[in-house]
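**Student:** turn this into a structure:
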Amino acid sequence: MQKIAVYCGAAPGNDPAYQAATVQLADWLVANHLELVYGGGGVGLMGLLANEVLDAGGQVHGVMAQELAERGAALTRLTDLKIVANMAVRKQTMLTLADGCIALPGGPGTLEEIIEAFSWARIGDNTNPCVFYNVAGYYDPLKQMFDDMTQKEFLTTTDRQKLLFTDSLAEILKFMNSYVPPKVRTYPQVSGL
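**Tutor:** Have a look, this model is predicted:
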């Protein structure tokens, strides 16, 4: 692994634990010689994460949609910043650049990006491990939802084990280093089409 895509809030959140965990994640990335791939923003947890990685001597690769760049959302001191046509291209570019995906606390955009990355893994379009950095239990309701999906047989037990919820950076590193992508699903021939 060389680069990790991190999805996180463009707001700081109202619990200091979120900011503290963001700084810890940044320092962990640098200590493990992992480069950051993220949305390119300079505000909220995004800005805190990127600035901390840069201040610690790490590399930061931003990928930002044109419309957000035009609104002045970009952090200008990045190692490099790619401006792409739209959010769909941004998500694909980040996955292509990265070797793993981590979600810090965030809003709908954060949730959408990490869920899409995991969904794509199940159909063979993303080989990256996906992790929810579950700071202060932020993602506990979502973890329960994935467990319910599995119990109700909308998600296989094997694939559920390919998605990690944890507040331990050591566990994240172990999970990512031993990750094997899900077996690509195949479907029986459907007659009558």
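**Student:** please count neighbours and contacts with C-alpha atoms only from this point.
**Tutor:** Will do.
**Student:** where in the chain is pLDDT low?
**Tutor:** Applying pLDDT under 70 to the chain flags residues 190-193.
**Student:** same thing but at 50, please
**Tutor:** For the chain, not a single residue meets the criterion pLDDT under 50.
**Student:** show me where it has helices.
**Tutor:** Taking DSSP state H to define them, one finds helices in the chain at 16-31, 44-55, 66-70, 87-97, 108-122, 140-151, 157-160, 169-177.
**Student:** what packs against the fourth one?
**Tutor:** Going back to what we said before, that points to helix 87-97. Counting contacts by 3 or more CA pairs under 8 Å, 6 or more residues apart in numbering; DSSP states H and E, helix 87-97 is packed against strand 3-7, strand 35-38, strand 60-65.
**Student:** which of these sits closest to residue 155?
**Tutor:** Nearest of those to residue 155, taken as CA to CA: strand 3-7 at 23.0 Å.
**Student:** relative to helix 108-122, how tilted is the closest one?
**Tutor:** For strand 3-7 against helix 108-122, the angle by axes from the mean of the first three to the mean of the last three CA atoms, to 10 degrees is 130 degrees.
**Student:** so what touches stretch 142-156?
**Tutor:** 157, 160, 165 (CA atoms under 8 Å, 6 or more residues apart in numbering).
**Student:** can you tell me the closest non-neighbouring residue to the last one?
**Tutor:** Here the nearest residue to residue 165 in space, its sequence neighbours aside, is residue 132; by CA to CA, 6 or more residues apart in numbering that works out to 4.8 Å.
**Student:** show me what contacts that neighbour?
**Tutor:** Here residue 132 is in contact with 102-104, 139, 163-166 (CA under 8 Å, 6+ apart).
**Student:** hmm, back to that, what's the closest of the helices of the chain to residue 184?
**Tutor:** helix 108-122 (6.1 Å).
**Student:** what residues sit buried inside that closest one?
**Tutor:** Residues of helix 108-122 classed as buried: 110-111, 113-115, 117-118, 121-122 (neighbour count, 16 or more other CA atoms under 10 Å).
**Student:** try stretch 68-75
**Tutor:** Judged by neighbour count using 16+ other CA under 10 Å, the buried positions of stretch 68-75 are 68-69, 73-75.
**Student:** circling back: reformat the contacts of stretch 142-156 as a markdown table; add neighbour count and distance to residue 9.
**Tutor:** Output for the contacts of stretch 142-156, formatted as a markdown table (neighbours: other CA atoms under 10 Å; distance: CA to CA, whole Å):
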| residue | neighbour count | distance to residue 9 |
| --- | --- | --- |
| 157 | 13 | 29 |
| 160 | 14 | 25 |
| 165 | 21 | 17 |
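**Student:** tell me which of the residues you listed is nearest to residue 179?
**Tutor:** Once CA to CA is applied, the member of the contacts of stretch 142-156 that ends up nearest residue 179 is residue 160, at 12.8 Å.
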